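Asker: I'd like to go over a predicted model; first the sequence, then the structure.
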Amino acid sequence: MHERFKYRTREDLLLKAGELGFELPWSDDMTPLFQPFNFPVFSVANRFVVQPMEGYDSGNDGSPSDLSKRRYLRYASGGSGIIWFEAVSVVREGRSNPHQLWIHKKNSDAFSRLNEEVRKNAVKTGIDPFLVVQLTHSGRYSRPDGKAKPQVAALNPLLDKMPPVILTDDDLKRIIDRFVEASMLAYKAGFNAVDIKACHGYLVVDLLSAKARMNSNFGGNETSRRFRFLLETIDRIKDEVPEIGVTTRLSISDLYRGGFGVDENGGADFSEPLLLADQLKSRGINLVNITMGSPYFNPQVSRPYDNPLPGQVLPEEHPLEGVMRMINGTSLFQRRFPEIAMVGSAWSFLRHYAPHVGAAVIKNGDAVFMGFGRNSFAYPSMPLDLMKNGEADPRKTCITCSGCTRLIRNLRPGGCVIRDREIYGNELKKLIADGK
Ligand SMILES: Cc1cc2nc3c(=O)[nH]c(=O)nc-3n(C[C@H](O)[C@H](O)[C@H](O)COP(=O)(O)O)c2cc1C
């Protein structure tokens with residue numbers, strides 16, 4: 001049964017996990033989180049990752065605004081080894097909203113300037129962060145002008161709220177060109193790597209599961225066709241922009257009928273995602289960010305929470321079950337592919353206990369990195385606090401209230417309404433005053 005977070009001590013938390021039938025990993029020793037990790041071309045200072053989090057605050061042309069810059073400078077000052085920039089669209093029509101970052105020839109300088117400032121700010125922490133940018137097309141969830149304009153690989157009656165545009169193979173080839181072009185611009189802008197986003201219901205994961213897409217080189221029963229968009233994009237980037245690293249944020253199970261990594265009933269079936277991971281490995285991909293679920297269909301899967309969005313019903317499952325599902329899923333992939341450093345997701349529900357759980361997960365070889373999403377909005381300096389004090393401050397952590405998501409779903413700039421109240425608490429007040 002769902003329950004809000006109410007665990008005053010570590011014992012309370014571990015007891016609850018036990019009642020739910022599992023053992024939550026735990027370590028008092030935080031050193032695994034502060035071990036550097038060496039990729040062939042870059043040494044990452046520690047195991048903390050700022051997860052990609054859309055801020056809905058770009059200029060109309062997709063450039064980072066002062067508010068976007070503020071978010072990234074907060075991250076840079078916080079001490080995470082990897083800053084994984086949010087979903088940045090590669091085409092205007094694939095933006096999730098009119099203020100989604102979008103990289104193109106006319107504004108890539110603005111990303112360069114942002115990265116310079118990010119690195120300058122990070123110097124004060126003694127860390128040179130590894131900068132990844134998540135490139136995307138929002139597919140079914142495109143709203144380039146604020147209104148839904150779904151563009152899909154194939155119909156899915158469970159998800160389609162209005163008749164979508166089905167992208168043609170030629171459309172998809174053009175979109176691959178844009179991913180490659182965006183990767184070149186990202187390289188010139190100073191990013192270390194690009195992530196071809198393949199999760200959370202957007203276009204690339206939609207293609208991975210597009211069995212219903214007939215007579216196409218990018219869909220149907222065979223995995224070789226469904227995997228083509230992602231793998232061809234990766235191959236072309238490696239070929240045409242060899243200087244930049246390539247990674248993917250991968251849904252290892254969408255957990256809805258017709259999604260990727262599921263059986264006929266929508267339950268997890270990892271066989272195809274494992275096959276895909278093997279093909280990533282054979283291409284030399286050495287970093288993958290693991291996630292599951294769709295924020296639009298089963299939000300408790302990708303981000304276990306205390307409060308649902310207004311109007312949504314509380315899920316049946318306990319948020320700790322969501323946390324554990326992600327730990328176990330990541331572990332399965334990490335153990336099967338030790339050559340790939342996996343980033344584990346969905347820790348914010350654990351508040352200040354999260355680093356203890358993550359340290360154990362990393363020590364046990366069940367992930368290499370710990371990625372924080374909502375907690376990075378709330379408490380970007382958690383890594384530095386941990387380094388200085390050995391513990392995170394419970395008064396600063398995310399409380400999984402869904403306020404940040406509520407803002408962006410209403411096309412407002414996203415951030416923490418509780419811990420970064422001056423800006424985002426006020427945004428929420430305005431939203432409530434507007435009756436939303
Ligand atoms: C407001 C908001 C924006 C998000 N934007 C992105 C995004 O741009 N790309 C992405 O892969 N995930 C995105 N996510 C998911 C987070 O990266 C993360 O997986 C999720 O919040 C669970 O981690 P957490 O428990 O640390 O918050 C977003 C989540 C929220 C709440």
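Answerer: That came in fine, so what should we check first? Numbering: from 1, shown residues only.

Asker: and V343, how many neighbours?
Answerer: Using other Cβ atoms under 10 Å, V343 is surrounded by 24 other residues. Any C-beta I mention is one placed from the backbone N, CA and C, and that applies to glycine too.

Asker: show the pLDDT at it.
Answerer: Note on V343: pLDDT of 99.

Asker: helix/strand/coil for it?
Answerer: strand (DSSP: H, G, I helix; E, B strand; the rest coil).

Asker: surely it is in contact with L250?
Answerer: No: assessed by Cβ atoms under 8 Å, V343 is found out of contact with L250, at 10.0 Å.

Asker: any common contacting residues for those two?
Answerer: V288, N289, I290 (Cβ atoms under 8 Å, 6 or more residues apart in numbering).

Asker: ok, which stretches of the stretch 201-350 of the chain are strands?
Answerer: For the stretch 201-350 of the chain, the strands defined by DSSP state E, counting those that start in this stretch cover 245-251, 287-291, 341-344.

Asker: would you check that L172 makes contact with R213?
Answerer: No: with contact defined as Cβ under 8 Å, L172 does not reach R213; the gap is 10.0 Å.

Asker: for the ligand, what's the nearest residue on the stretch 301-436 of the chain?
Answerer: Nearest residue of the stretch 301-436 of the chain to the ligand (Cβ to the nearest ligand atom) works out as G373 at 2.9 Å.

Asker: now do the contacts for that residue.
Answerer: Q51, P52, M53, R303, S345, A346, S348.

Asker: look up how far G373 lies from the second one.
Answerer: Read it as P52. 8 Å (Cβ to Cβ, to the nearest Å).

Asker: likewise for the last one?
Answerer: With distances taken as Cβ to Cβ, S348 is found 6 Å from G373.

Asker: next, give phi and psi for the most centrally placed residue in the chain.
Answerer: The residue lying closest to the centre of the chain (Cα atoms, centre = their mean) is P52, at 4.6 Å. Main-chain dihedrals, P52, degrees, to the nearest 10: phi -60, psi 130.

Asker: what pLDDT does it get?
Answerer: Confidence score, pLDDT, at P52: 98.

Asker: and the stretch 251-400 of the chain, which residues reach the ligand?
Answerer: Residues of the stretch 251-400 of the chain that fall close to the ligand, judged by Cβ under 6 Å from any ligand atom: T291, S302, R303, S345, A346, W347, S348, F372, G373, R374, N375.

Asker: quickly note the distance from the most far-flung residue of the chain relative to its centre to P157.
Answerer: Computed with Cα atoms, centre = their mean, the residue of the chain farthest from its C-alpha average is N215, at 31.7 Å. Noted for N215: a distance of 20 Å to P157, by Cβ to Cβ.

Asker: repeat for S402
Answerer: Relative to P157, and taking Cβ to Cβ, S402 is found at 27 Å.

Asker: looking at those two, which has the bigger crowd around it?
Answerer: S402 (20 against 8).

Asker: which ones are touching that one?
Answerer: Y305, D306, N307, P308, L309.

Asker: which residues sit against the helix or strand where I176 lies?
Answerer: Secondary structure assigned from DSSP states H and E places I176 in helix 169-188. For helix 169-188, the surrounding residues in contact (Cβ under 8 Å, 6+ apart) are 88, 90-91, 94, 103-105, 108, 111-112, 133, 135, 137, 151, 167, 194, 196, 203, 207, 216-218, 229, 232-233, 236-237, 240-241, 243-244, 246.
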